[in-house]
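Colleague: This is a predicted model, with the sequence first.
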Amino acid sequence: MSNRAAVMTALNEIRIEERAIPAPGPHEAIVRIEAVGVCGSDHSYFVRGRIGDYIVNGPIVLGHETSGVVETVGSEVTNVAPGDRVAIEPGTPCRNCRECRAGRYHLCPDLVFLATPPYDGALIEHMRIDARNLFPIPD
């Protein structure tokens with residue numbers, strides 16, 4: 001099974017690379033990506049290499065507006081199952097800091113956001129992500 005990724009290797013340059021298909025951790029799922037929107041932030045990284053303090057310093061996979069189909073799940077996942085079509089929340093918070101506990105995960109100082117340096121995004125065939133970021137959608 002392939003796991004091709006569209007990797008931004010330099011300004012205005014994307015190359016297709018083969019990546020290993022990851023295994024899910026206990027709270028994670030592997031999603032076969034079916035659709036990715038390309039938005040202004042992807043464009044800015046592609047043509048300028050930065051957005052504010054976020055600077056592309058090496059190869060990165062862009063794309064954070066995405067959906068797909070769950071392929072496998074970790075041992076502790078209960079909210080989705082293989083075969084579920086899902087929308088993907090692109091920001092993964094720590095879920096333990098004061099901001100997260102107050103319901104303000106978007107202010108989490110340790111937020112991992114897809115396609116924001118140094119984290120890869122969703123222009124890849126199979127992506128591992130915290131299953132709590134997955135939301136089932138109807139056919």
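Modeller: Thanks, I have it. Numbering: from 1, shown residues only.
Colleague: those helices in the protein, which residues are they?
Modeller: Using DSSP state H, the helices assigned to the chain run over residues 40-48, 98-101.
Colleague: Where do the strands of this structure begin and end?
Modeller: Using DSSP state E, the strands of the chain run over 4-10, 13-18, 28-37, 50-51, 54-55, 60-61, 65-73, 85-88, 91-92, 112-113, 126-130, 134-136.
Colleague: Indicate which one of those is closest to H106.
Modeller: For the strands of the chain, proximity to H106 was assessed by CB to CB; strand 91-92 is nearest, at 6.6 Å. Using the backbone N, CA and C atoms, a C-beta is placed for each residue, glycine as well.
Colleague: So for the closest one, mean pLDDT?
Modeller: Strand 91-92 shows a mean pLDDT of 96.
Colleague: Look up how far E17 lies from P59.
Modeller: Computed as CB to CB, to the nearest Å, the P59 to E17 distance reads 8 Å.
Colleague: I misspoke; the intended subject was F135.
Modeller: Distance from F135 to E17, counting by CB to CB: 29 Å.
Colleague: Show me the shaky parts of the protein.
Modeller: Judged by pLDDT under 70, the chain has no weakly predicted residues.
Colleague: mind putting the helices of the chain in a markdown table, distance to L107 and mean neighbour count included?
Modeller: Below are these laid out as a markdown table (distance: least, CB to CB, whole Å; neighbours: other CB atoms under 10 Å):
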| stretch | distance to L107 | mean neighbour count |
| --- | --- | --- |
| helix 40-48 | 18 | 15 |
| helix 98-101 | 4 | 14 |
